[in-house]
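> Requesting a structural model of the entry that follows:
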Amino acid sequence: MGGGKRASLSEKDEEEHAKHDDGIKMDQHEIKFNYQSQKLQTDLEMWFVDAVLDLYAKGELDELEEPLQAEGQAETIQKLIAAHDATAMQSTLSNWLVGDVDASKKESFIKTAVSMAEQVQAAAKNES
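Numbers count the residues shown, from 1 in each chain. Reported below is the predicted structural model:
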């Protein structure tokens, strides 16, 4: 390797770049998370694993139907956190929880999951 100077933008290059960067950023509709919301999301994820296993009376994730396994859980949690209201969250969960499930246990699961997802959303909004 050569011992020359490190490559960097010249003053002219920086001025040219600044002309094209008008500072306007596209809204990506992403929720910005702070420590508290990230902790709450992690709590939701950990609870989800155990609660889904209990709901279906299984010992391991790979014993569940494919959509209910780890990847499906992660996708569902992201949908919950991005949902606009509790009704949308309830619908997402009702559609996701397939198969033979005790109705009262399913209702309890949905109620708890929605409450936890709303806490994640609230913590994220407090950051903004």
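> so who does Val114 touch?
Neighbouring residues of Val114 by CB atoms under 8 Å, 6 or more residues apart in numbering: 80, 86, 89-90, 93. In this view, the C-beta of every residue, glycine as well, is placed from N, C-alpha and C.
> Quick check: the residue nearest to Asp54 when sequence neighbours are not counted vs Lys111, distance?
In space, not counting the residues next to it along the chain, Asp54 is nearest to Lys105; the distance is 7.9 Å by CB to CB, 6 or more residues apart in numbering. Distance of Lys105 to Lys111, given as CB to CB, to the nearest Å: 11 Å.
> just Lys125 next, same as before
Between Lys125 and Lys111 the distance, using CB to CB, works out to 21 Å.
> Can you check which helix is longest in this structure?
In the chain, assigned by DSSP state H, the helix with the most residues is helix 103-127.
> for that one, which positions count as buried?
Within helix 103-127, the residues that qualify as buried by neighbour count (16 or more other CB atoms under 10 Å) are 109-110, 113-114, 116-121, 123-124.
> PyMOL command for the buried members of the contacts of Val114?
In PyMOL, this line selects whichever of these come out buried by 16+ other CB under 10 Å:
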select buried, resi 80+89+90+93
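> so of the contacts of Val114, which ones are in helices?
Using DSSP H, 80, 86, 89-90, 93 are the members of the contacts of Val114 that sit in helices.
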